[in-house]
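> Fold the following and give me the result.
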Amino acid sequence: MKIVSGSPAIRQPVLFCGKGRIVFEGKVRLGCYPSPYFFSGYSHIEARTTESVIRICDGTYINNNCVFISEGAGIDIGRKCLIGPEVCIFDSDLHGIDDRRKAAQGPITIGDDIFIGARVMILKGVRIGDHATIAAGAIVTRDVPARAVAAGSPARVVKELA
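Residues are numbered from 1 along each chain as shown. As a prediction, the model looks like this:
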C-alpha cells in the first residue's frame, strides 16, 4: 500500500513512515527557506498503524522540523494553515506509563486558516476552530474555539478575534 498520496512541495528533508496513510490535498508546502532549522534537520510525519490517517489540505504551509504522529485516531489539518517550526502534533499518548497499558487516543481536527506558532504541541483529542491562532510555545490540551487566540501551558483562550 502506498503510504503517501498527493504531491506536496518539499523544501526540507521529510521522513514519511508508518503503516497508515498520509494524504496531501492540493498545494501543500513542507519546509521553508530561510527559516530556522532549514539546514539542520528534517520533518517527521508518521501514520503509525494501519488505521492511521494524516490529512493535510490545500494551501497549508508547514515550516521546518515538525513532527506529526498518528496512532489511529487521526490528524486532520484544514486549508490555508500556517504551521511554525518545530510544531509537534500527536493523536495519542504514544505509549502508556508501562507496557501493559494501551496509550489513550483522540482525533485531532485543525480547521481552516489557522496560525500555529513555533514549538507548539497539540495533543490528542483537540479540535481547533477556523481562523484561530495558537501562540508560540503553547501546549494545546483542550479545544480552541473559532476566531480565538490561545497561549500558554496548558493553552487557554487569551483573546477573541473579530
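
> The chain: helices as residue ranges?
Remark: helices of the chain are absent; assignment by DSSP state H.

> Just list whatever residues bridge to the most centrally placed residue in it.
To find the centre residue of the chain, average its C-alpha atoms and take the closest one (CA atoms, centre = their mean): that gives I89, at 4.2 Å. Per DSSP bridges, the residues bridged to I89 are F68, I122.

> from what I can see it touches G125, true?
No - checked against CB atoms under 8 Å, the pair I89 and G125 is beyond contact range at 11.9 Å. No exception for glycine: its C-beta is placed from N, CA and C like everyone else's.

> can you list residues touching both of those two?
I108 (CB atoms under 8 Å, 6 or more residues apart in numbering).

> low-confidence ranges in the chain?
Counting by pLDDT under 70, the chain has low-confidence residues at 1, 95-103.

> Give me the distance between the residue nearest to the centre of the chain and F39.
For I89, the distance to F39 under the criterion CB to CB, to the nearest Å works out to 23 Å.

> Repeat that for R79.
Counting by CB to CB, the gap between R79 and F39 amounts to 29 Å.

> Next: F115.
Counting by CB to CB - F115 and F39 are separated by 25 Å.

> check contacts around R29.
Contacts were defined as CB under 8 Å, 6+ apart; by that measure R29 touches 8-9, 11, 60-62.

> Tell me which two of those residues sit farthest apart.
Pairwise distances across the contacts of R29 peak at 13.6 Å for R11 and T60 (criterion: CB to CB).
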